[in-house]
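**Q** Provided below are the primary sequence and the corresponding predicted coordinates.
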Amino acid sequence: MSKTSRRNLLKAAAGGGLAAGLGVALKSGAAPGAATQSLQEHDHRHRRVSGLLASATVSFGQWATDPPLDRSPNRSPLNRNVHQLIPDEVTIQAGGSVNFIIAGAHQIIVYGHRTQPEDIDTSQLVPPAAGGAPILIDDPKNRIYRGLDFSTLPLLSIPPDPPAPLTPPFLMDRVEVVNFPKPGTYLVICGVVFHFVNDGMYGFVRVVP
Ligand SMILES: [Cu+2]
């Protein structure tokens, strides 16, 4: 990253902080000191979530190591990606979150309480936003969350490896954090249809009161 663009980024970040600060002041009537009070009220409006069940971490796809895999300097060979949720079942409390750490080209989709894998209509498919074959599950029934379409994400590397069009020119490895306010058992699937159907790439989030 050049010095100039880094400086611009820092400037933008500082601007964002300023805007957020102004937002607090404006909401509270712009009086000095009132901003602090507003922040305290804000905390009280949300139930604090802490303890062992506050959050869970799920690896959403993994890079293989047997045989050894060398991703340096910047390789993401999709045929060396493991299509699993690990662990495939987690328990959190209502109001808590699941931190999905995504490795590889996947899309998180979460379905409402009691949805089972066989309830998903895998004939409803859409192509990735960047184009190509319809490979992404688009069954909206009881869907409460759909994550990013990886095909729209920024370049991971230039040039990508292997070369286009096989390689997805996108940033596959990322994090998505999903909040679960209500108790229930939620189905989490990978939206890439062959990952879900052929590899059984799904799991469950149990949310206790
Ligand atoms: Cu997947």
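**A** That came through fine.

**Q** from here on, contacts and neighbour counts on C-alpha atoms
**A** Noted.

**Q** what does the chain have sitting close to the ion?
**A** By the rule Cα under 5 Å from the ion, the part of the chain lying against the ion is 106, 190, 195.

**Q** low pLDDT regions in the chain?
**A** The model of the chain has pLDDT under 70 over residues 1-46, 154-170.

**Q** I figured Asp199 hits His83, correct?
**A** Yes. With contact defined as Cα atoms under 8 Å, Asp199 reaches His83; the gap is 6.5 Å.

**Q** more crowded one of those two?
**A** When neighbours are counted by other Cα atoms under 10 Å, Asp199 and His83 differ, and His83 comes out ahead with 25 against 13.

**Q** ok, residues contacting the strand or helix carrying the more buried one?
**A** With elements taken from DSSP states H and E, the one containing His83 is strand 81-86. Under the criterion Cα atoms under 8 Å, 6 or more residues apart in numbering, residues 58-64, 103-104, 195, 199-203 lie in contact with strand 81-86.

**Q** name the helices or strands packed onto the very next helix or strand once past it?
**A** From strand 81-86 onward toward the C-terminus, using DSSP H and E, the following helix or strand is strand 89-93. Identification of packing neighbours for strand 89-93 by 3 or more Cα pairs under 8 Å, 6 or more residues apart in numbering; DSSP states H and E yields strand 55-63, strand 202-208.

**Q** so where do the helices sit in the protein?
**A** Assigned helices in the chain, in chain order: 3-27, 34-45, 193-199 (criterion: DSSP state H).

**Q** ok, back up a step: output the strand holding His83 as CSV, nothing but the C-alphas.
**A** Backbone C-alpha positions of strand 81-86 (Å, rounded to 0.1, in the frame of the first residue of the first chain) are rendered in CSV as follows:
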residue,chain,number,x,y,z
ASN,A,81,-10.2,-27.0,0.6
VAL,A,82,-12.0,-29.1,3.2
HIS,A,83,-15.8,-28.5,3.0
GLN,A,84,-16.9,-28.9,6.7
LEU,A,85,-18.2,-26.9,9.6
ILE,A,86,-15.9,-27.5,12.6
